[in-house]
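S.K.: my questions concern the predicted model and sequence given below.
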Amino acid sequence: IGVTNGAYATPDRQFVLKPGYNPDTGIYNKMLDTVVLPDTVSTFDVLLALKTIWAPFSDYMWTNAVSRSGALAALFTAVLRPAMATSPGFFFDAAMQNSGKSKAMDAVCAILHGSRIRRSPFITGTDQNAEYGKHMAALQQEGVSYWAIDNVVSKFESPTLAAMIFGEGISIRGLGKNTLISGASRILVCATGNNASLGDDLARRFISCRIDAKTENPGEIPHSFDPQTRALATREEIIRSVLIVLKAFWSAGIEESPDNSDMPCWGSLVRDPIKWIADRKLGERAGIGELTDPKKALASYSQAPSDEKIGLQQFLLGCDGLFTCSEMFTASELLRAYNTQPAKNDSQRLAAHALLRDGLDSLTRGMKAFEVVDAKDSAKAAAIGKVFTAVVGRVRDGIRLKFVKTDLKGKHWCIENLKTETLKLVASA
């Protein structure tokens, strides 16, 4: 049984407005009073509701419409998280310290939790996944509905956290026990950082909300309220306002977006209503500003490509320029190409060789065989083989590495041009 303390709505377009247990959702609601919504919702009602929802963030300056839409999505998600099997996390980022990112996170988590929240420190090092697993178990045992990770440093990667965000349930060993704690993982995950980045897995699971205070000293900007305090003071009004906006959206008869399959509940309850608000330019009219599809705020769309992705792209383009389409090569043969400088008058092969070297240097970074000056070629070829295994099948710029066969010379690989294959299929059809 899940527990919450506020009204919410479900993906099948039902409002849960009364306290007590709801058998359809399996959630017990601890709120005291029944929430009443208007029979019909006008555009004026929607504009007032949006002003109320946005009030905790009204002093913030967001980088652009994408980040602003991500921030609005965070407020919607805080209200509707109890009914969503899965939901993205929210990453509040800024270039400067004292930009208010932690306070923004506090406000979002407080709307869901119903009282002032406690932040959790960012954990680094080899014990990170184990520690996060313990923290998840503690959250489940205590019935806490949020996880506020403060001050992410450098690059944030966590398989444990990634699995929880997109998993409808979790099974974790209890603290100090040999038994598993299992249940729905309807926890809202938020994090903050200064110019931090997310690893590829988390980038697909976090909405990025970037703050731009446009000053050298953001802490000196005067503010008339604390976001968390305002969020808690107006929490009931914010919850009711989100439901009013949802009612107006449902009454408009808008079909669900076809590309919500990765996060269907969040897509129907949060993304689609905000897209509707953006299309009608209600954000501008409510004083929020320009809005857009909040899915564009996923960090995988908004942040710069990782070094690994750039290295893979360079590696594949280099191989594609040095080997003909479907020409097979082994790790040893690629190492030979890596070590052999093309003729000075062959500009195309020179460019491809430079890409191959840069890409392979990036992908083998940290491998002893490529960092020891007098390492044997056999050790380097073995390192390249590990790279092949790690990147096989991953597509960049329409090309990918493909495994072909194994014989006495070893494993044979080739570069597959998917664009060419598509053209061949179209031509044969």
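M.R.: Structure's in. What do you need?

S.K.: from now on I want contacts and neighbour counts done on CA atoms only, so please keep to that.
M.R.: Fine.

S.K.: and F156, how far is that from I165?
M.R.: To I165, F156 is 14 Å away according to C-alpha to C-alpha, to the nearest Å.

S.K.: which one of the two has more residues nearby?
M.R.: Using other C-alpha atoms under 10 Å, the more surrounded residue of F156 and I165 is I165, with 23 against 19.

S.K.: any chance you could list what contacts the helix or strand containing that one?
M.R.: Using DSSP states H and E, I165 sits within helix 159-166. By C-alpha atoms under 8 Å, 6 or more residues apart in numbering, the list of residues contacting helix 159-166 from outside reads 86-89, 129, 132-133, 170, 185, 189, 201-202, 205.

S.K.: go with 7 Å
M.R.: Contacting residues not belonging to helix 159-166 are listed as T86, S87, P88, N129, Y132, G133, I170, S185, D201, L202, R205 [C-alpha atoms under 7 Å, 6 or more residues apart in numbering].

S.K.: spell out the secondary structure type for the fifth one.
M.R.: When the structure is split into helix, strand and coil by DSSP: H, G, I helix; E, B strand; the rest coil, Y132 lands in helix.

S.K.: follow-up on the earlier one: and the helix holding I165, how far from the chain's centre?
M.R.: A distance of 11 Å separates the C-alpha centroid of helix 159-166 from that of its chain, computed with C-alpha atoms, centre = their mean, to the nearest Å.

S.K.: just stretch 53-60 next, same as before
M.R.: 23 Å.

S.K.: returning to that earlier point: buried residues in the helix holding I165?
M.R.: T160, L161, A162, M164, I165, F166 (16 or more other C-alpha atoms under 10 Å).

S.K.: ok, back up a step: need the contacts of helix 159-166 in CSV with pLDDT, secondary structure and distance to S99, can you?
M.R.: Output for these, formatted as CSV (pLDDT from 0 to 100; DSSP: H, G, I helix; E, B strand; the rest coil; distance: C-alpha to C-alpha, whole Å):
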residue, pLDDT, secondary structure, distance to S99
T86, 90, coil, 29
S87, 93, coil, 26
P88, 94, coil, 23
N129, 78, helix, 29
Y132, 83, helix, 27
G133, 80, helix, 30
I170, 60, strand, 34
S185, 66, coil, 30
D201, 86, helix, 26
L202, 90, helix, 23
R205, 92, coil, 23
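
S.K.: buried subset of the residues you listed?
M.R.: So, by 16+ other C-alpha under 10 Å, the buried ones in the contacts of helix 159-166 are T86, S87, P88, N129, Y132, G133, I170, S185, D201, L202, R205.

S.K.: tell me the one of the residues you listed nearest A252?
M.R.: S87 (24.2 Å; C-alpha to C-alpha).

S.K.: which residue is the nearest non-sequential neighbour of that closest one?
M.R.: In this structure, S87 finds its nearest non-sequential neighbour in W266, 5.7 Å apart by C-alpha to C-alpha, 6 or more residues apart in numbering.

S.K.: okay, and the one you found sits in which element?
M.R.: Assessed by DSSP H and E, W266 sits inside helix 264-266.

S.K.: pLDDT of whichever helix or strand comes after that helix, averaged?
M.R.: Counting by DSSP H and E, the next helix or strand C-terminal to helix 264-266 is helix 272-279. On average, the pLDDT along helix 272-279 is 98.

S.K.: what comes up buried for helix 272-279?
M.R.: D272, P273, I274, K275, W276, I277, A278.

S.K.: how about stretch 307-323?
M.R.: By neighbour count on 16+ other C-alpha under 10 Å, the buried set for stretch 307-323 is 308-323.

S.K.: wait, a helix at M105?
M.R.: Yes. Under three-state DSSP, M105 falls within a helix.

S.K.: tell me how many other residues crowd the nearest residue to it once chain neighbours are set aside.
M.R.: Once flanking residues are discounted, M105 sits nearest to C190: 6.4 Å by C-alpha to C-alpha, 6+ apart. Look at C190: counted by other C-alpha under 10 Å, it has 25 neighbours.

S.K.: the helix or strand harbouring C190 pairs with which strands, and in what direction?
M.R.: C190 is part of strand 188-194, with elements assigned from DSSP H and E. According to DSSP bridges, strand 188-194 has the following sheet partners: strand 89-94 (parallel), strand 146-152 (parallel).

S.K.: deepest of the ones you listed, which one?
M.R.: strand 89-94 (a mean of 27; mean count of other C-alpha atoms under 10 Å).

S.K.: centre of the chain to that strand, how far?
M.R.: The chain centroid and the centroid of strand 89-94 are separated by 9 Å under C-alpha atoms, centre = their mean.

S.K.: what of stretch 349-366?
M.R.: 29 Å.

S.K.: which residues sit against it?
M.R.: For stretch 349-366, contacts defined as C-alpha under 7 Å, 6+ apart pick out 308, 311-312, 314-315, 317-319, 321-322, 338, 342, 370, 387.

S.K.: how about a cut-off of 8 Å?
M.R.: Taking C-alpha under 8 Å, 6+ apart as the rule, stretch 349-366 contacts 307-308, 310-322, 337-338, 341-344, 370-371, 383-384, 387.

S.K.: mind listing the strands in the stretch 301-429 of the chain by residue range?
M.R.: 399-407, 410-417 (DSSP state E, counting those that start in this stretch).

S.K.: show me the helices in the stretch 151-300 of the chain, by range?
M.R.: Shown for the stretch 151-300 of the chain, the helices assigned by DSSP state H, counting those that start in this stretch span residues 159-166, 200-203, 227-233, 235-251, 264-266, 272-279, 282-285, 299-302.

S.K.: quick one: these as a markdown table, columns for distance to A213 too.
M.R.: As requested, the helices of the stretch 151-300 of the chain are exported to a markdown table (distance: least, C-alpha to C-alpha, whole Å):
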| stretch | distance to A213 |
| --- | --- |
| helix 159-166 | 30 |
| helix 200-203 | 23 |
| helix 227-233 | 16 |
| helix 235-251 | 25 |
| helix 264-266 | 29 |
| helix 272-279 | 23 |
| helix 282-285 | 20 |
| helix 299-302 | 19 |
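
S.K.: now the buried ones among the contacts of helix 159-166 in a markdown table, with distance to R68?
M.R.: Shown next, in a markdown table, are the buried ones among the contacts of helix 159-166 (distance: C-alpha to C-alpha, whole Å):
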| residue | distance to R68 |
| --- | --- |
| T86 | 22 |
| S87 | 18 |
| P88 | 16 |
| N129 | 31 |
| Y132 | 29 |
| G133 | 32 |
| I170 | 31 |
| S185 | 27 |
| D201 | 23 |
| L202 | 20 |
| R205 | 18 |
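
S.K.: tell me how many other residues crowd Y338.
M.R.: Y338 has 20 neighbours, counted by other C-alpha under 10 Å.

S.K.: sweet, I'm off.
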